[in-house]
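Peer 1: This is the structure alone, sequence omitted:
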């Protein structure tokens, strides 16, 4: 476990996914007893960066002030998104693991009950490949042409219509998708057929 400091945010230790649980347990033994949060970042297409934020509270006898923050980081493969649970090390991690499982689909080896999403919801909404149906259903306002600004005119300029970020072509996905088997055949109907 190597300690890295990029000068931005708290220092962090990067570990292999197989070492995740043992590294978290070692941090707790080293005095990082304050669990703050656990979450993931979708690094599409490679996989996920799993991040644990903990802190060490200095003893009052040492005269130290403030918390000593640390991030524990590991990378999880997209196709086999699984890592050992640390809920036995930091009890507060169980809620965060449930949320991360729901939002990103990372398995923590526990029977994780739904926390935020409604029953029957399919998919993991914070994965970059997840398509938001509301973005497909509601038209995107479009983009301004180069050189247009809000201050130039008192009326709204027309905008060229564009698809919102993360929405595939309607021909490939959604209710507008036309499949050959969905189109009724017109060869079986003839003139004169009708209400009798």
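Peer 2: Received, thanks. This is a predicted model, so every value here is computed, not measured.

Peer 1: Find the least confident helix or strand in the chain, judged by mean pLDDT.
Peer 2: When the helices and strands of the chain are scored by mean pLDDT, DSSP states H and E, strand 2-4 comes last with a mean of 64.

Peer 1: Quick one: name whatever helix or strand follows that strand.
Peer 2: For strand 2-4, the succeeding helix or strand toward the C-terminus, using DSSP states H and E, is strand 12-14.

Peer 1: Which elements pack onto that next one?
Peer 2: Based on contacts counted as 3 or more CB pairs under 8 Å, 6 or more residues apart in numbering; DSSP states H and E, the elements that strand 12-14 packs against are strand 2-4, strand 68-77. Every residue, glycine included, has its C-beta placed from N, CA and C.

Peer 1: Next, the angle strand 68-77 makes with the following helix or strand past the longest one.
Peer 2: The reference is to strand 68-77. Of the helices and strands lying after strand 68-77 in sequence (DSSP H and E), the nearest is helix 93-104. With axes from the mean of the first three to the mean of the last three CA atoms, to 10 degrees as the basis, helix 93-104 and strand 68-77 are set at 40 degrees to each other.

Peer 1: And for helix 93-104, what's in contact with it?
Peer 2: Contacts of helix 93-104 from elsewhere in the structure, counted by CB atoms under 8 Å, 6 or more residues apart in numbering, are 35, 37-40, 42, 48, 50, 52, 81, 85-87, 106-108, 110, 112-117, 124-127.

Peer 1: Of those, keep whichever come out buried.
Peer 2: With neighbours counted using 16 or more other CB atoms under 10 Å, the contacts of helix 93-104 contain these buried positions: 35, 38-40, 42, 48, 50, 52, 81, 85-87, 106-108, 112, 124, 126-127.

Peer 1: domain assignment for the protein?
Peer 2: Structurally, the chain divides into domains by automatic domain parsing as follows: 2-121, 131-176.

Peer 1: Pull out the buried residues from stretch 47-62.
Peer 2: Taking 16+ other CB under 10 Å as the basis for neighbour counts, the residues of stretch 47-62 that come out buried are 47-48, 50-56.

Peer 1: how about those in CSV, adding distance to residue 67?
Peer 2: Putting those into CSV (distance: CB to CB, whole Å) gives the following:
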residue, distance to residue 67
47, 30
48, 26
50, 22
51, 17
52, 15
53, 11
54, 10
55, 4
56, 7
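
Peer 1: Please flag which of the residues you listed sit within strands.
Peer 2: 47-48, 50-56 (DSSP state E).

Peer 1: Please report phi then psi for residue 42.
Peer 2: Main-chain dihedrals, residue 42, degrees, to the nearest 10: phi -80, psi 110.

Peer 1: Three-state assignment for residue 110, please.
Peer 2: When the structure is reduced to helix, strand and coil (DSSP: H, G, I helix; E, B strand; the rest coil), residue 110 reads as coil.
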